[in-house]
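[1] Compute the structure for the input listed below.
(3 chains)
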Amino acid sequence: MNEVVISTTNLTRKFGDFTAVNNITFNVKKGEVFGFLGANGAGKTTAMKMLTGLLTPTSGNALVAGYDVYSGTEQIKKNIGYMSQKFSLYDDLTVEENIRFYGGIYGINKKELNQKIGEVIESVGLQSVRKKPVQSLPLGWKQKLAFSISILHRPKIVFLDEPTGGVDPITRREFWEKIYEISDQGITVFVTTHYMDEAEYCDRVSIMVDGRIEALNSPEELKKSYSSRSIEEIFIKLARSASRGQG
Amino acid sequence: MNTFKGFVIKEFKQIYRDKRTLVVLFGMPVIMMILFGFAIRNEINDAQIGILDFSKDQVTRSVIQKLSNSESFKVTAYLSGYDEVEEIFRAGEIKEIVVFEQQFEKKLTTGGIANIQIITDATDPNLANLVQAYTSNIVRDYVNELNAESGFVTNQAGLQPEIRMMYNPELRSVNLFVPGLIAVILMLVSALMTSISITREKEMGNMEILLVSPLKPHHIIIGKVLPYMVLSIVNVFTILVLAEFIFNVPFKGSYLLFFFEAGLFILAALALGVFISSVANNQQTAMMVSLAGLLLPTVLLSGFIFPVASMPMPLQWLSHIIPAKWFLIIVRGIMLKGSDLILMWKETLILALMTLGFIGMSLKKFKVRLQ
Amino acid sequence: MKIIGYLLEKEFIQIFRNKAMLPIIFVMPIVQLLVLSFAATYELKEVDFALVDMDQSSLSRELTAKFQSTGYFNLTEVIFDEKQAQKMMNAGDISMIMYLPSGLETDFSSGKPASIQLSIDAVDGTQAGLIQSYSTSIINDYNQDKFANLQIDVWPPVVNKAKSINIIPQNWYNPDLDYLTFMVPGILVVLVSMIGLFLSGMNIVREQEIGTIEQLNVTPIRKSHFMIGKLVPFWIIGMFDLIIGLALARYGFNIPFLGSLTIILIVAGIYLVVVQALGLLISTITNTQQQAMFIAWFLAVIFILLGGLFTPIESMPAWSQQITLANPVAYFIKIMRMVLLKGAGWKEIQMMVAALSGMGILLMMVSINRYKKTTG
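    This is a model prediction of the structure:
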């Protein structure tokens, strides 16, 4: 399975004079867990927004799930899942209602939907709160629910934007187990994070500094080429030379 | 003290940076003044009327001429029969038909009396009254001129009322509205804006941060409230300046007293804003409650446009608890009648008590909510 | 299509679950209708007046009694010091001072003009005007009564030859000059406008502020679907409120319903779209709910004031009447009144309906266009 599901060539995004993403070029293969690392302000979120069709690039090319990010955003959206930093579930809707809504939006038919609702609630362990508004759930549960919803429609690729922010280590582990699960099933996972240890879990990692990709390889290879014991060290080395963000 | 100062400065900055809201906050009083000064009136301007003249003689022509010469009316239709009236009214443009009976001139010169029928479209009773009154005045003027020419003394025997219109001899609507406008703007800025601002912090989650800081709850409230107090005072100044210099609204009383009373009212409004913010969880709720519970009653029940005395009793009682009602009596007293504190002591006392009451209520509620 | 169904489902769940908003959407318009209808009147109910009677004659007594017997005038003070009376008026305790000079009855009985002074608090010009005309007609009445009783040869014959024009008023559609009949249709318009203007656009800004809009933007939902999902629920609620308001008007206030209800509902549907489009437009130029609310409120006030609800459009200067041509509120109020109170039909209102429809289409197009651009 070496099919390429995401490919970019000199992808750039400017906001006025400010270049948030500067000529990035990379590929992601099917089933990969691809990590996107970088300090705050390095351009990760902007890059992801371009790939998910939320922002139009200023220049450069990109294909996501075989569709062009300039002309094929509608198709892209049908084939991807997304989980944002704010875990955007509707606070005033119950667990069930949220699953139902998003499932319906992605065109899952009624019968299948009911089945899926049951599945998700089972797998995340939300039986006791299925009819409670999401607002009342602890953060970890919300995050797991948001993740489940993002893959409900079996997308080809799922984009996770800082999915483990503010969550305890045990929940983080559980989360990553789920990520491996779906990766084994052939779903590509594109994840941004600034937790350096999570970088170790990815198949390949790219490190962004000041809008450019300064490093891109598997964690082992990176540690070899930079003679470092951890991704964190590599990151600090690279980020020291950064001119923006909190590197 | 430094923490507090820092907090207040941050508040001012936030408001200052929100350009859109700022435009509305400063522009609103100006636009409202223009509207109330020029457009919102109970006078008549170029109202369209129709004529049904069964006589068509010299006299009727003169009367019609007089009507159309006046600024109040524009003759836009000449009917030929009663059957046309319904259609004309239904079309909606013409508000009055003036009907002259047959042989009008003859009846007037030989018999001394002739009849004019004024048919008004009374769907708007206020307009109908106005239009009728203006028409009657013009006709009466005509009769007086006619009689004066023939040398008749028009003062009949009997009781003659001599009318003196006090405080507002030209019956200008703008004099009535300006004090009310001040109250409405103050309510808007001091109560509505304050409640939304505090609720916003709650909604965005910043309130907790504030509460764990060295700032005491009353510091937080004062800090939140201060910018809007300043804004309110600026708005009051703007309205007064516009009123006095552009619209010639009189200010017969004491400025000192005026600003004291305005201060009381501002405090009352601010307290109400804080109170609402402590019972509302998000901005939308705060806004709707402020609008429905404060602004609307202020506009409708305070005597701003509609006289309180004309309302049914239950509403009159309700108006007693609306601070704007008392404020209006006071401001109208000061501005238009030149009243001093001695005359306005009752209303001032009520307003002061209300203000203290609201402040107490809101402080208590705010503290309790935090627990 | 099914997607819109899910969107609508979610919106309705959210609306009905919002305990604070529910009363506001359903109860407040009704309360507003009731309060506003009763409060918004210029009718003269009672005038407190002071009597400064220097004549102390039977005429004074008769005249005062006559004023009081009308039910409009209420004698609250009898004093002899004019300055004192003035102070009372300054304090707002009385609205009129009736000053009867000494020698009044003597002058009156001998046929000489006998003048009495009425000082009226004219802060409220409309009220003062009404007080004046009521007082004048009471006095004229008194004169007529007295003349009839006295002999004709007391009066100098020259009086009979002065000309006078008799004015006979006739009020159509509302012979009792009942304010409720006039105000209620207009108030219904205001109700509907508030809901249309504030709720849908505000909701969109809310999702933007909270962040859920991003989650929706990544899905295959088209922008148009999203907007329909936002507008339709509030359109339905607006129409629902209007129908309840109309029912109240008909059966509670006994407002005549001369024209066709169908016409009203169709026009209302169009009007709601116009107002919602306006709310939508506002939401595309603001970032926060606070801004959106404020601007919407600002526009609402201007439109309503200029819409002819509280003061007639005919009272406005020419430039202001021109502005009315672009004011959807003014159109709808006029249509409401014409259809309900005068029985007007399509023929009379078609120009206005066309104007409203045009406004609606234009505003929708502009807002949709803006909306697509600003959300990436």
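
[2] Now residue C:136: closest residue in space, sequence neighbours ignored.
    residue B:161 (5.8 Å; CB to CB, 6 or more residues apart in numbering or on different chains). C-beta coordinates here come from the backbone N, C-alpha and C atoms, glycine included.

[3] I'd assumed residue C:116 was in contact with the one you found.
    Yes: assessed by CB atoms under 8 Å, residue B:161 is found in contact with residue C:116 at 5.9 Å.

[4] I'd like to know which elements the strand or helix carrying residue A:174 is packed against.
    Counting by DSSP states H and E, the element that carries residue A:174 is helix A:169-184. Packing contacts for helix A:169-184, counted by 3 or more CB pairs under 8 Å, 6 or more residues apart in numbering or on different chains; DSSP states H and E, involve strand A:33-38, helix A:139-150, strand A:188-193.

[5] which of the residues in whichever helix or strand comes after the longest one are buried?
    Put plainly, it is helix A:139-150. For helix A:139-150, the following helix or strand on the C-terminal side (DSSP H and E) is strand A:157-161. Across strand A:157-161, burial judged by 16 or more other CB atoms under 10 Å in any protein chain shown covers A:157, A:158, A:159, A:160, A:161.

[6] farthest-separated two in these?
    Farthest apart among these by CB to CB are A:157 and A:161. That separation is 13.1 Å.

[7] still on that earlier bit, would you convert the buried residues of strand A:157-161 into TSV that also reports pLDDT and distance to residue C:65?
    Output for the buried residues of strand A:157-161, formatted as TSV (pLDDT from 0 to 100; distance: CB to CB, whole Å):
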residue	pLDDT	distance to residue C:65
A:157	94	93
A:158	94	91
A:159	93	89
A:160	91	89
A:161	86	85
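
[8] near chain C too, which of the residues you listed?
    Contacts with chain C within the buried residues of strand A:157-161, counted by CB under 8 Å from any CB of the partner chain: residue A:159.

[9] wait, what's in contact with residue 225?
    No chain specified, so I'll use chain A. Residue A:225 is in contact with residue A:217, counting by CB atoms under 8 Å, 6 or more residues apart in numbering or on different chains.

[10] Can you look at chain B instead?
    Contacts of residue B:225 (CB under 8 Å, 6+ apart): B:194, B:270, B:273, B:274.

[11] per-residue confidence at residue C:151?
    pLDDT for residue C:151: 44.

[12] again with the one 3 residues further on
    At residue C:154, the model reports a pLDDT of 38.

[13] Which residue is the nearest non-sequential neighbour of the residue in the stretch 101-250 of chain C positioned nearest to chain A?
    Relative to chain A, the nearest point of the stretch 101-250 of chain C is residue C:215 (3.6 Å; CB to the nearest CB). Distances taken as CB to CB, 6+ apart put residue A:88 closest to residue C:215, at 3.6 Å, once the chain neighbours are dropped.

[14] Surely that neighbour and residue C:211 touch.
    Yes: in this structure residue A:88 lies within contact range of residue C:211 using CB under 8 Å: 5.3 Å.

[15] Neighbour count for these two, which is higher?
    Ranked by neighbour count (other CB atoms under 10 Å in any protein chain shown), residue A:88 and residue C:211 place residue A:88 first, with 21 against 13.

[16] Check for me that the more buried one belongs to a strand.
    No: the assignment for residue A:88, made by DSSP: H, G, I helix; E, B strand; the rest coil, is coil rather than a strand.

[17] Spell out which residues of chain A are next to chain C.
    Taking CB under 8 Å from any CB, the part of chain A that reaches chain C is made up of A:49, A:52-56, A:74, A:77-78, A:80, A:82, A:84, A:86, A:88-90, A:92-93, A:97, A:100-102, A:104-107, A:133, A:159.

[18] May I see the ChimeraX selection of the buried members of those residues?
    Here is the ChimeraX selection string for the buried members of those, based on 16+ other CB under 10 Å:
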select /A:49,52,53,54,55,77,78,80,82,84,88,89,90,92,93,97,100,101,102,104,105,106,133,159
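
[19] which other helices and strands contact the longest helix seen in chain C?
    Longest helix of chain C, by residue count under DSSP state H: helix C:179-210. Judged by 3+ CB pairs under 8 Å, 6+ apart, helix C:179-210 is in contact with helix B:125-149, helix B:283-290, helix C:21-39, helix C:212-217, helix C:223-247, helix C:261-284, helix C:289-305, helix C:328-342.

[20] Now do that helix and helix B:125-149, the angle between them.
    Relative orientation of helix C:179-210 versus helix B:125-149 (axes from the mean of the first three to the mean of the last three CA atoms, to 10 degrees): 130 degrees.

[21] mind listing what's buried in the one helix or strand residue B:15 maps to?
    Under the criterion of DSSP H and E, residue B:15 resides in helix B:2-17. Buried residues in helix B:2-17, counted by 16+ other CB under 10 Å: B:4, B:7, B:8, B:11, B:15.

[22] Which ones, among those, also lie beside chain C?
    Counting by CB under 8 Å from any CB, no member of the buried residues of helix B:2-17 is near chain C.

[23] List the contacts of the residue of the stretch 101-250 of chain C closest to chain A.
    Contacts of residue C:215 by CB under 8 Å, 6+ apart are A:82, A:84, A:88, A:89.

[24] And it, how far from residue A:105?
    Residue C:215 sits 10 Å away from residue A:105, going by CB to CB, to the nearest Å.

[25] Quick one: neighbours of the closest residue to chain A within chain B, just the number.
    Residue of chain B nearest chain A, by CB to the nearest CB: residue B:282 (10.6 Å). As a burial measure, residue B:282 scores 18 neighbours (other CB under 10 Å).

[26] give me phi/psi at it?
    Here is the backbone geometry of residue B:282 (degrees, to the nearest 10): phi -140, psi 170.

[27] Show me what the residue nearest the centre of chain A is bridged to.
    Centroid-nearest residue in chain A: residue A:160, 2.0 Å away (criterion: CA atoms, centre = their mean). Beta-bridge partners recorded for residue A:160 (DSSP bridges): residue A:83, residue A:191.

[28] mind listing what it touches?
    Per CB under 8 Å, 6+ apart, neighbours of residue A:160: A:83, A:147, A:150, A:179, A:189, A:190, A:191, A:192.

[29] Identify, from those, the entry nearest to chain B.
    residue A:83 (21.0 Å).

[30] returning to what we had before: and residue B:161 and residue C:116? which has more neighbours close in?
    More crowded of residue B:161 and residue C:116, by other CB under 10 Å: residue C:116, with 20 against 15.

[31] what helix or strand does the more buried one sit in?
    Using DSSP H and E, residue C:116 falls in strand C:113-121.

[32] quick one: pLDDT of residue B:155?
    At residue B:155, the model reports a pLDDT of 51.

[33] Quickly run through the sheet partners of the strand holding residue C:116, with directions.
    Strand C:113-121 has the following strand partners under DSSP bridges: strand B:158-166 (parallel), strand C:96-100 (antiparallel).

[34] what sits up against that strand?
    B:155-167, C:63, C:85-86, C:89, C:92, C:94-101, C:104-105, C:107-108, C:128, C:131-132, C:135, C:139.

[35] how close does the nearest residue to residue C:268 once chain neighbours are set aside sit to residue A:148?
    Distance criterion CB to CB, 6+ apart; nearest residue to residue C:268, sequence neighbours excluded, is residue C:242 at 5.4 Å. Distance, residue C:242 to residue A:148, using CB to CB: 42 Å.

[36] My reading is that residue B:224 lies in a strand. Confirm?
    No: going by three-state DSSP, the assignment for residue B:224 is helix, not a strand.

[37] Am I right that it is in contact with residue B:195?
    No: the pair residue B:224 / residue B:195 is not scored as a contact, 9.9 Å apart, by CB under 8 Å.

[38] Contacts for the worst-scoring helix or strand of chain B on mean pLDDT next, please.
    For chain B, using mean pLDDT, DSSP states H and E, the weakest element among its helices and strands is helix B:206-212, scoring a mean of 75. With contacts defined as CB under 8 Å, 6+ apart, helix B:206-212 is touched by B:7, B:198, B:201, B:217, B:220, B:370.
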